[in-house]
Every structure is written in C-alpha cells, then in structure tokens.
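In: A predicted structure for the sequence below; I have some questions about it.
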Amino acid sequence: MTQTAKLILEDGTEIEGTSFGAYTSVAGEVVFSTAMTGYPENLTDPSFAGQILVLTTPMVGNYGVPGEELYESISKIFESDQVHIAGLVVTYYSEEHSHWNAAKSLGDWLKEYNIPGIFNVDTRLLTKKLREKGALLGKIVAADDVPFHDPNQDNLVAQVSPPGVRHYGTGQHKIVLVDCGTKTNIIRCFLERDVELIRVPWDYDFNTLDYDGLFLSNGPGDPKRCAATIGHLQTALQQDKPIFGICLGSQLMGLAAGGDTFKLKYGHRSHNQPVRLTGTPRCYITSQNHGFAVDPATLPAEWTVLFENLNDGTCEGIKHQTKPFFSTQFHPEAAGGPQDTEFLFDDFLAAVAQYKATHSK
Ligand SMILES: NC(=O)CC[C@H](N)C(=O)O
C-alpha cells in the first residue's frame, strides 16, 4: 500500500511525495548530496546525524543494501553500526533491487531504524532552492506533525560517540583515535597500516595515555559544541607528537589552535569535490560531507591552509608550519567516493615514525 507524506521546509515550502521506509514524522536540517552512489556508506556515516538527506541522483535503492559482515569487531561494509540520517528524500525509489551482495531493500533497512523516506520529490529542484537559500530546517511529515528542530543546537557528537575505550590491531605505531562519530573506514585505513589503535570517546582525556600519534575523527553538528575535545586538544598542541584530523577533526584542530569556524551556506556533500594542495597546481578529487569550515583568516600565524576547495575557495585542511600537525576537511578514507587521497594516512604514519626516531624513549 502506498502512503503519502510531506516534506515541509521552514520557508513554507510543502512538497507532497510518497512514503517509504518508516511511516513516521521527523524534523532536522535539510541538506543535499550530489553523490551518485554510496547510500549504504552515507546513511551510516555518523556525521549525517540530525540531517534530512536529499539525494540529487535520480534513482535510489536499485542496488539494495548489503548484509552485515564484521572485521576486527567493526563493520566491514558500513560506516558505523546504524543508520544515522534523520530522513531521506529521493526522486525515484526502487524497492526492487539487484546486486551480488544485496540482502534487503533500502526501504526495509530504513524501517529497521525507524527512519522515514519520501520519494516522488523533484530533488534537483529542491537542491536549487537549498543552494539559493542555504541549508534549511525541515521535516518529513507522515501521520502526525512535528515541530521544526535545529540539530546544530544539540551536542550530536555526545550522542553518536560510543562510550568506553577499545583497542584494535597490534602494529608498531600506537595511535589514539578520538571518536567523535568516526567512519569505520578510518579504522580500516589505520588497521591496514601497522598500527595499534586506541579508540576513545569524544570527551576522553587522551593526554593521560601513552601514544605515538593522535587522530581526530569526523563527526556531526557544529564543532563548537565539542568544548571538551577542544580543551584536551589544546594540551596536545603544546607537544610535538603528530596530530591528524579529518573533517570535524580538522575543525576541532582549527578551533583548538585559536582559529574560528563558520557555517557554509549549504555545505559540500559529494564525491567529486576538487581541492588544490597549497603551493602546487595539483588538484585531487575528494569525497566530502560537511556544513562547517575553518576560517583561515582567523588562524594564528604558525598555521597555514593545506588544501583549498577549487569550487568556492574555502579551506579544505590546515597545517602547522613547524610541528607535524595537519588536517583535511575532506575524507581521504572515502567510503564512498574516490580513494585518491588515502596516501595522507601514510604521510601521517611517516610523521609518527619520524617523531619516534627523533624522540626515542
Ligand atoms: N563529516 C564531518 O565530520 C562533518 C563535520 C561537521 N559536522 C560539518 O558538518 O561540517
């Protein structure tokens, strides 16, 4: 049986569509992604918490959703252990699916997590509106109405960061991963590289641990809500051990360094964002999912821009001038998207090896 649902935006726009997934109402921030594939990865990326995701690619669901497989006690397939988006908006939803590893339909998967989807919505027209007006608050309304809610007012990182300290791998470099909502491919990228990983919650004081390198993960919401992480990071920045941050992690490094972050008009969410490595003409095509960015004009003199977005000129990563601290606003771990910048994990571990060689205990 098909049921109608409505997408309602804070500017008064109302679009009627067809419900799929859970028949329930939800409010969030409406953002769009132009990625053409990768919904199993995107929907489980904790950075999407609180967001109603609009996909511009016209047909969604036709390759289904894979079954779960574990590797070192983490998912081999998904970017976390649950769907994190608040809701999904697509043009054409295909309940029928065909793929060698499909185990269920996208609609059934959303139902498992009680997340609503809506289709028969012109998502390209909707995206034009979001590009003009900026990301808007919105809601998917099934039977009952719900009030608008701005998820960026919440501490979403505290909601998605798992409690407890976990250890993975037996490699020679001891890396602390501060989990603000990490994508599992970051863990996989480290475990492929001779690392012992200590995964700690977002507010854990990692300065009490013995480690060789520090990593700050991606995560949802406004980075300024992560005061505890920023405080701990400020202590780490006084030392010389290598630090690498991705996306939210990059924003936290900018804030801890004394810089500022701001909200982009509608963010960058896609698999083909061009970034230029500072000081070179070299462009990399990157996977991105962020709504905030570091304002480079506010960074102290010892920090510089490492990558710049070639679409809008915004900061795509920062670097300390003398210490081994660097970050990317984009996702070198991909999942989904191009893997062209995965070498940055090697660069970080080379910095760790060099630090250890020059600071032998
Ligand atoms: N993927 C991320 O880490 C996103 C960071 C932050 N929540 C933003 O939207 O900018």
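Out: Noted; the coordinates are in hand.
In: tell me the domain boundaries of this structure?
Out: Domain assignment for the chain, taken from automatic domain parsing, gives 4-153, 156-358.
In: would you turn these into JSON lines with mean neighbour count and mean pLDDT?
Out: Quick note: C-beta positions are derived from backbone N, CA and C, even for glycine. Below are the domains of the chain laid out as JSON lines (neighbours: other C-beta atoms under 10 Å; pLDDT from 0 to 100):
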{"stretch": "domain 4-153", "mean neighbour count": "19", "mean pLDDT": "97"}
{"stretch": "domain 156-358", "mean neighbour count": "20", "mean pLDDT": "98"}
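In: a markdown table for these, including distance to the ligand?
Out: Shown next, in a markdown table, are these (distance: least, C-beta to the nearest ligand atom, whole Å):
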| stretch | distance to the ligand |
| --- | --- |
| domain 4-153 | 3 |
| domain 156-358 | 3 |
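In: these two touch, right, residue 144 and residue 25?
Out: Yes. Contact criterion C-beta atoms under 8 Å: residue 144 and residue 25 qualify, at 5.4 Å.
In: can you tell me which strand in the chain is longest?
Out: What stands out as the longest strand in the chain, according to DSSP state E, is strand 260-277.
In: please name the strands paired to it in the sheet, noting orientation.
Out: According to DSSP bridges, strand 260-277 forms sheet pairs with strand 283-295 (antiparallel), strand 307-309 (antiparallel).
In: roughly how far out does it sit from the chain middle?
Out: 12 Å (C-alpha atoms, centre = their mean, to the nearest Å).
In: do stretch 43-56 as well
Out: 9 Å.
In: equivalent analysis for stretch 214-226, please.
Out: On C-alpha atoms, centre = their mean, the centre of stretch 214-226 falls 9 Å from the chain's centre.
In: how about stretch 254-266?
Out: The answer for stretch 254-266 is 16 Å, by C-alpha atoms, centre = their mean.
In: then stretch 206-217?
Out: In terms of C-alpha atoms, centre = their mean, the centre of stretch 206-217 is found 20 Å from the chain centre.
In: what does stretch 195-204 give?
Out: 17 Å.
In: and what of stretch 286-306?
Out: Worked out by C-alpha atoms, centre = their mean, stretch 286-306 lies 16 Å from the chain centre.
In: now do the same end-to-end measure for that stretch.
Out: Start and end residues of stretch 286-306 are separated by 14 Å (C-alpha to C-alpha, to the nearest Å).
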